[in-house]
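J.: how does the following fold in three dimensions:
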Amino acid sequence: MLSAQLQEFALTRYRSRKAVYGPLWQEIESALGELTEDEAVLMRYLYGTMPVRDAGEYAFSVFLSYVRHSLWLRANVPWCRELAEDMFIHHVLYYRINTEEISDCRQFFYEQLQDRIQGMEPEQAVIEINYWCAEHVVYESTDGRTVSPMTLFRCGKGRCGEESTFTVTAFRSVGIPARQVYTPRWAHCDDNHAWVEVYLQGKWHFLGACEPEEALNRGWFTVPANRAVLIHSRMFSDFGLSSTEERIGREGLLCYVNHTAFYARTGELAVAVKDESGQPVPGASVAVEILNMAEYYPAATVKTDGSGVARLMIGMGDVRIRAWKDGAFAEQQASPTTATDFSAAASLIELTLRRAVEDPGREADQWERTRLRAPKEHPLHPDEETAEQAARKEQRLQAAVQMRGQRLAALYDEQLAAAYPEAAELIRVAGENTGELRTFLTRDDNPKRRQLLNSLVVKDGKDLRSEILEDHLSCEQGSLPLKIYERFLLSPRIWLEELTPYRSYIRQYFSQEEQERFVQNPDQIWQYITDIIDYDSDTDYPTICATPIGCLKLRHGNPLAQKILFAAICRSLNIPARLNPVTQAPEYWRDGAFAVPAGFGAGATAESGAAIGPGVYAQEAVEPQGEDQAPYFSQGEGLRADGSATLVLQVMEASEWKYGQTWTISKLEGIRFNTLNYAGSSFEQGDLELRLDPAIYRLITTRRLPSGDQLVAQRVFRLASGQRKTVELLLAQADEADLLVNRRLSDVSLQGESGEQIKLSRLTDERPTLLAFLGVGAEPTEHVLNEMLAAASRWNETNARMLLVLRDPAERGNAAFGKVLKTLSGIEVCYDTEQACMTAAMDMGVDGTRLPVLILLSGGLTGIYACAGYNVGSVELMLRQLTAVNE
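T.: So this is what the prediction gives:
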């Protein structure tokens, strides 16, 4: 029996949604009348707390499947029956974990696991379930769209946000409370991470998703986590909340819980917000921003109290704080303090709010330099595994790798990939979804089929549906250029939304007269959207957006959903359209170029910092950026507006500059700088020309040090209409002392030449060792191999050892690699089969996805220097450091 408190809470929240659910309200009410009392209560709870867009995207029956399964668990599984009601509601019942696509899946997961954990104690069951997860899913870097747990099961590969959603689903399916825990951005390296916590015997315990250990509270991320600035989880309502965990507060629909103190040493960040007359400002928003990927990412937002003060416990690293209210804002660098650092009064950081037009100092047009310090290591969970545990885990992981590999290999259709080479990458990742690709490709000889698949991103192969793709074949190229036709008319993919058959829906939704009017003047499409589509941020989750169909069903959608809807309506009426890959503005094809619809952005205040749309580079829960992240970027693209300005950026050494790592540019929109997306841009002969709107801009450059600290330079300036401005980018140079660190690496496993797994500690001794994870065949690794050859005689004099780690034995055939083996001494070759590179790179604070990763060990497992990616002179620098070590 559900409590009276829950019944009242559910009914109140549900009734508050009547207006927004208007088009669906009677349908929902009718369905509720067919349910039992408890089922109806939980369905009202879900409909009263879910992101509004979910009600328009998924059928009533999908949510009912979660309700019925959770009630069955509550009645039949002892460990679920014993849970407090709020724990059951938030961490067993709830269908949404993060931003994933929702499907009926809990019963499927339960059926996969029930026999495997029969008779086990809860902790043993948790460990066993995570081994099952590892047998079916492994890490793969991909874009920011989160596929459903069922899709991940079917394709076998996903990023950490998907792995953790998958693993939480597995635990909840058997009645074990679980949640996704997340650091929005690390402070000491350019990345983020998500993992899992489970609730057992009155306590929360952590584990790596699809990364099983023989005990809880272990994982490769334990050391990085103790250097985090913020670690949190989210819930979709504030019902009950009997726990004593620190609540960060609400942000729109979501309730955030602060877990940083469980993983890291923390201090208090206290911010006093005042107006220009010096009076406190109650109710102001204060964002804590972490510099990561060369942009300030808002990791958490809190409100000032009645005295104008906001407080938050964070890790002991430097952050940027930004406060705003009523169109005025302020920002500055800050650090948390501990009780012993200062008196309570002295620890307050004061910010005075000003409007941008009233603060010309914001446009100083000069480089301002600073150093942002990352939190130092302060281990809170130093648990070490025993030799017996390590051996058992190794044996079981090897079995998991074999099972997973055999399953995925059996699913790969080599003949289909050979017959359709343009779809080979989609087929490679499809797994159990290969049949959908085969059905679509082989239905007939329509050449549009190949063209349509060519317009998709690789990840779409994991969950596309042939019947949805069929809906998008009904368009004509006419006189359009092939690229414009394929990517911006034929393609169903607009941004990172779920794919739907929106063309037939839209053509039925609008009258013939409306369609003709829109074709004659596409600007009216945007006017229609702004007139008809509402958005209430307090009832939605801004990181996910409604599909075009859901947006029209509920007449509700966030700013991004509205822009996607504009492009969808245009394409449905045979008008090429897109979201600008740099600014995210909606655009349609007119007179041989893309144009922004009249009225876009009019009246936007950006009071929340994202009224026009969040910075397209700063999306939540993404992996290091790849070409899939911002579809269809071409260098130099930006708004082609009348009277646009031109910014010419100049650099001395082009190889040092990578967007989203060493530099970004952002545009002031309302009260925040939104990062523009120039991922993939490069400096031709030292120059990069950008066409931009007249506005205030901020350039950020950063050099990440091995310690995790960053040397930062920023420059704020205004561009006027028609202006051409040249700026030389400034990248701070590090002192050699800053390049040396002293860190202990995790004792990762590498595969030896004969196939055995060997711990890194067995491969090193007291001598210095260069540990090099290579990406043989790629240009950055080729440069490093050539540098090694050039320095061979000096290297051979050092008596140091070199561990060259490849991804696959086939890479030994590379010519440059072969020369290095013949020329340099002290080399041993190994293979990375267990993500050792990612772990070692994280230990050293560098990006493990950017090969080569070079780590210099002074002896044993002590790392003193590391670099990743293209770093000219890295071998020379290491030789100098070797000399210093030997002395």
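J.: shaky segments in the chain?
T.: Low-confidence segments of the chain, defined by pLDDT under 70, span residues 242-243, 338-347, 356-362, 602-643, 870-872, 884, 886-887.
J.: one more time with 50, if that's ok
T.: 340-346, 603-642 (pLDDT under 50).
J.: per the record, what domains does it have?
T.: As assigned by automatic domain parsing, the chain contains the domains 4-214+230-244, 258-372, 409-595, 645-728, 736-886.
J.: what distance separates the third one from the centre of its chain?
T.: Yep, that's domain 409-595 we're talking about. With C-alpha atoms, centre = their mean, to the nearest Å as the basis, domain 409-595 stands 22 Å off its chain's centre.
J.: other residues contacting the top helix by length along the chain?
T.: Using DSSP state H, we find that the single longest helix of the chain is helix 387-411. Residues from elsewhere that reach helix 387-411 (C-beta atoms under 8 Å, 6 or more residues apart in numbering): 131, 134-138, 156-157, 212-215, 385, 430-432, 434, 749, 757, 833-834. Bear in mind the C-beta positions are built from the backbone N, C-alpha and C, glycine included.
J.: of the residues you listed, which belong to strands?
T.: 138, 157, 749, 757 (DSSP state E).
J.: surely the last one touches Asp747?
T.: What it means is Gln757. No - between Gln757 and Asp747 there is no contact under C-beta atoms under 8 Å: 11.8 Å.
J.: quick one on the thing from earlier: I'd like the domains of the chain laid out as JSON lines, including mean neighbour count and distance to Phe221.
T.: As requested, those are exported to JSON lines (neighbours: other C-beta atoms under 10 Å; distance: least, C-beta to C-beta, whole Å):
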{"stretch": "domain 4-214+230-244", "mean neighbour count": "20", "distance to Phe221": "6"}
{"stretch": "domain 258-372", "mean neighbour count": "18", "distance to Phe221": "9"}
{"stretch": "domain 409-595", "mean neighbour count": "19", "distance to Phe221": "22"}
{"stretch": "domain 645-728", "mean neighbour count": "19", "distance to Phe221": "15"}
{"stretch": "domain 736-886", "mean neighbour count": "18", "distance to Phe221": "7"}
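J.: which one, of these, ends up nearest to Gly601?
T.: Closest approach to Gly601 among the domains of the chain (C-beta to C-beta): domain 409-595, 7.6 Å.
J.: quick check: end-to-end length of that closest one?
T.: 46 Å (C-alpha to C-alpha, to the nearest Å).
J.: and the nearest residue to Lys759 once chain neighbours are set aside, helix, strand or coil?
T.: Sequence neighbours aside, Asp747 is the residue nearest to Lys759 in space, at 5.2 Å (criterion: C-beta to C-beta, 6 or more residues apart in numbering). Three-state call for Asp747 (DSSP: H, G, I helix; E, B strand; the rest coil): coil.
J.: contact partners for Asp747?
T.: So Asp747 contacts 759-761, 861 (C-beta under 8 Å, 6+ apart).
J.: can you map out the strands along the stretch 151-300 of the chain?
T.: Taking DSSP state E, counting those that start in this stretch as the criterion, the stretch 151-300 of the chain carries its strands at 157-158, 178-183, 193-200, 203-207, 232-235, 246-251, 254-258, 266-274, 285-292, 295-303.
J.: next secondary structure after the helix or strand hosting Tyr697?
T.: In the assignment (DSSP states H and E), Tyr697 maps to strand 695-704. Once strand 695-704 ends, the next helix or strand along the chain (criterion: DSSP H and E) is strand 710-719.
J.: sheet-wise, list the partners of that following strand with their directions.
T.: strand 368-372 (antiparallel), strand 695-704 (antiparallel) (DSSP bridges).
J.: out of those, the one nearest Trp495 is which?
T.: Trp495 lies closest to strand 695-704 among those, at 22.8 Å (C-beta to C-beta).
J.: outside of that closest one, which residues touch it?
T.: So strand 695-704 is contacted by 189-190, 291, 294-296, 356, 362-363, 647, 649, 662-669, 673, 710-719, 727, 729-734, 845-846 (C-beta under 8 Å, 6+ apart).
J.: let's see that with 6 Å instead.
T.: 294, 663-668, 673, 710-716, 718, 729-732 (C-beta atoms under 6 Å, 6 or more residues apart in numbering).
J.: please apply the same query to stretch 727-734.
T.: So stretch 727-734 is in contact with 367, 649-651, 656, 701, 703, 705, 711, 713, going by C-beta under 6 Å, 6+ apart.
J.: can you add distance to Thr183 and give the residues you listed back as JSON lines?
T.: Shown next, in JSON lines, are the contacts of stretch 727-734 (distance: C-beta to C-beta, whole Å):
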{"residue": "Trp367", "distance to Thr183": "30"}
{"residue": "Leu649", "distance to Thr183": "31"}
{"residue": "Gln650", "distance to Thr183": "35"}
{"residue": "Val651", "distance to Thr183": "31"}
{"residue": "Glu656", "distance to Thr183": "27"}
{"residue": "Thr701", "distance to Thr183": "24"}
{"residue": "Arg703", "distance to Thr183": "22"}
{"residue": "Leu705", "distance to Thr183": "20"}
{"residue": "Leu711", "distance to Thr183": "22"}
{"residue": "Ala713", "distance to Thr183": "25"}
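J.: what's the closest of the residues you listed to Gln180?
T.: For the contacts of stretch 727-734, the closest approach to Gln180 (C-beta to C-beta) belongs to Leu705, at 30.5 Å.
J.: now do the contacts for that closest one.
T.: Applying C-beta under 6 Å, 6+ apart to Leu705 gives the contacts 734, 738.
J.: let's see it at 10 Å
T.: By C-beta atoms under 10 Å, 6 or more residues apart in numbering, the contact set of Leu705 is 188, 371, 373-374, 711, 732, 734-735, 738-741, 845.
J.: ramachandran coordinates for it?
T.: phi -90, psi 160 (degrees, to the nearest 10).
J.: now do it against Lys658, distance only.
T.: Leu705 sits 16 Å away from Lys658, taking C-beta to C-beta, to the nearest Å as the criterion.
J.: can you redo the ones in strands among the contacts of helix 387-411 as a markdown table with distance to Ser793?
T.: Formatted as a markdown table, the ones in strands among the contacts of helix 387-411 follow (distance: C-beta to C-beta, whole Å):
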| residue | distance to Ser793 |
| --- | --- |
| Val138 | 42 |
| Lys157 | 44 |
| Ser749 | 33 |
| Gln757 | 35 |
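J.: kindly indicate which of the residues you listed lies nearest Lys563.
T.: Lys157 (29.9 Å).
J.: can I assume that closest one is in contact with Val429?
T.: Yes - at 6.9 Å, Lys157 counts as touching Val429 under the criterion of C-beta atoms under 10 Å.
J.: can I assume Leu42 is in contact with Phe9?
T.: No - the criterion here is C-beta under 10 Å, and Leu42 misses it with Phe9 at 11.3 Å.
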